[in-house]
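Trainee: Sequence first, then the predicted structure, then my questions.
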Amino acid sequence: MPPIEDLSEEEAVRVLQHLMTAFDQDEEPATTQQEIEAKTGRDRAFVRELADALDVQVTAGAPAPSARELLAELAALPDVAPEVESAVERVRQRSTLPIGPDTIAAVIAIGAAVAIMRPRIELRRKRKDDELRFVADVRGVPNVGRIVQMLIDLLSK
């Protein structure tokens, strides 16, 4: 696999953009502002519910993880690695959509991670007493805690 650590942050975001397209299971891509906001809201809710299920808390005072760090964690998943390799090659061969502010990079990073993880995780709501909890059945994501920690820290910034 081409080295991820020598990618610039912008290139890592573009690779995540490719991954989001490759792994997103929505039938139709979000194209309007309203559709993008709805999808982003669903992705963020999924991350928060998964963090709750895994008892992952925001790391106080920690900087948001870089796109390259998140990409390295996602690339550790065996079935994701070939897609990362392909996306890295495409990014190095030509540019994709320009990446603007950090907010857009965070949306793409979260969207890519959720698109990869959502099919591997069954998330159930469970009510105990008057408290709503989430229970996660995780299949094939051995580093899920690290990925969710990065995402929940990213959401807090």
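Mentor: Here it is on my side, so go on. Numbers count the residues shown, from 1 in each chain.
Trainee: any idea how far the closest residue to Val47 other than its chain neighbours lies from Phe23?
Mentor: Leaving aside its chain neighbours, Val47 sits nearest to Leu151 (4.7 Å; criterion: CB to CB, 6 or more residues apart in numbering). Just so you know, the C-beta spots here come from the backbone N, C-alpha and C atoms, and that holds for glycine as well. Applying CB to CB, to the nearest Å, the value for Leu151 to Phe23 is 15 Å.
Trainee: cool, Ala53 as well?
Mentor: From Ala53 over to Phe23 the distance is 21 Å, taken as CB to CB.
Trainee: same thing with Thr59?
Mentor: Per CB to CB, Thr59 is found 26 Å from Phe23.
Trainee: Those two: which is more packed in?
Mentor: The neighbour comparison of Thr59 against Phe23 (other CB atoms under 10 Å) goes to Phe23, with 20 against 14.
Trainee: quick one, phi psi at the residue nearest to the more buried one when sequence neighbours are not counted?
Mentor: Nearest residue to Phe23, sequence neighbours excluded (CB to CB, 6+ apart): Ala115, at 3.9 Å. Reported as degrees, to the nearest 10, the phi and psi values for Ala115 are phi -60, psi -40.
Trainee: what's around Ala115, how many residues?
Mentor: 21.
Trainee: One more: Pro82?
Mentor: Neighbours of Pro82 (other CB under 10 Å): 11.
Trainee: and it, helix, strand or coil?
Mentor: What DSSP: H, G, I helix; E, B strand; the rest coil gives for Pro82 is helix.
Trainee: per-residue confidence at it?
Mentor: Looking at Pro82, its pLDDT stands at 92.
Trainee: just the one 5 residues further on next, same as before
Mentor: Looking at Ala87, its pLDDT stands at 91.
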